[in-house]
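>>> Any chance you can model this:
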Amino acid sequence: MTPRVFLDANVLFSAAWTADSGLGRLWKLKGVVLVSSRHALAEGERNLDSDSQRSRLQKLAAGIAFIEAPSGGVLPAGIEMVEKDVPILLAAIEAQVTHLLTGDRRHFSHLYGKSIKGVKVLTPASFMGLYKE
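Numbering: from 1, shown residues only. Below is the predicted model:
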């Protein structure tokens with residue numbers, strides 16, 4: 001099965017922050033499809049400081065399949081999270097990805113390592129440990 005990986009806004013932000021970000025390795029993984037939402041892209045871009053960072057983000061975005069906002073839905077039973085992150089998880093579920101990568105320990109750490117409707121939530125480092133270049 002081809003890994004389809006949803007990138008949270010903080011992953012996009014961090015990958016674009018510096019030209020030599022280690023997260024850039026995600027774009028080099030063979031056989032991995034990167035997915036995100038326009039919502040996550042806008043959030044990542046909004047938090048960047050410079051034109052060069054925003055330019056890097058746009059270049060990275062060219063290697064991502066984007067979905068629009070989720071078409072609705074509710075969180076699966078037993079899943080609780082802050083309202084601002086609900087669209088990220090719902091978009092990952094709707095996109096039918098295999099993994100959701102997020103470095104947001106504050107809001108997602110209780111989901112790390114768990115599969116929600118077929119989407120396993122991991123840190124980028126954990127994922128890269130599974131899929132070598």
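
>>> Residue 36 falls within a strand, correct?
Yes. Under DSSP: H, G, I helix; E, B strand; the rest coil, residue 36 sits within a strand.

>>> nearest residue to it other than its sequence neighbours?
Leaving aside its chain neighbours, residue 36 sits nearest to residue 7 (4.5 Å; criterion: Cβ to Cβ, 6 or more residues apart in numbering). The way it works is simple: take the backbone N, C-alpha and C, and place the C-beta from them, glycine included.

>>> and the one you found, bridged to which residues?
Assessed by DSSP bridges, residue 7 has beta-bridge partners residue 101.

>>> Can you name the element that comes right after the helix or strand of the chain with the lowest mean pLDDT?
Least confident helix or strand, the chain: helix 105-108 with a mean of 90, by mean pLDDT, DSSP states H and E. Where DSSP states H and E defines the elements, the next helix or strand beyond helix 105-108 is strand 115-116.

>>> Confirm for me that residue 44 is in contact with residue 17.
No. Counting by Cβ atoms under 8 Å, residue 44 stays clear of residue 17, with 9.7 Å between them.
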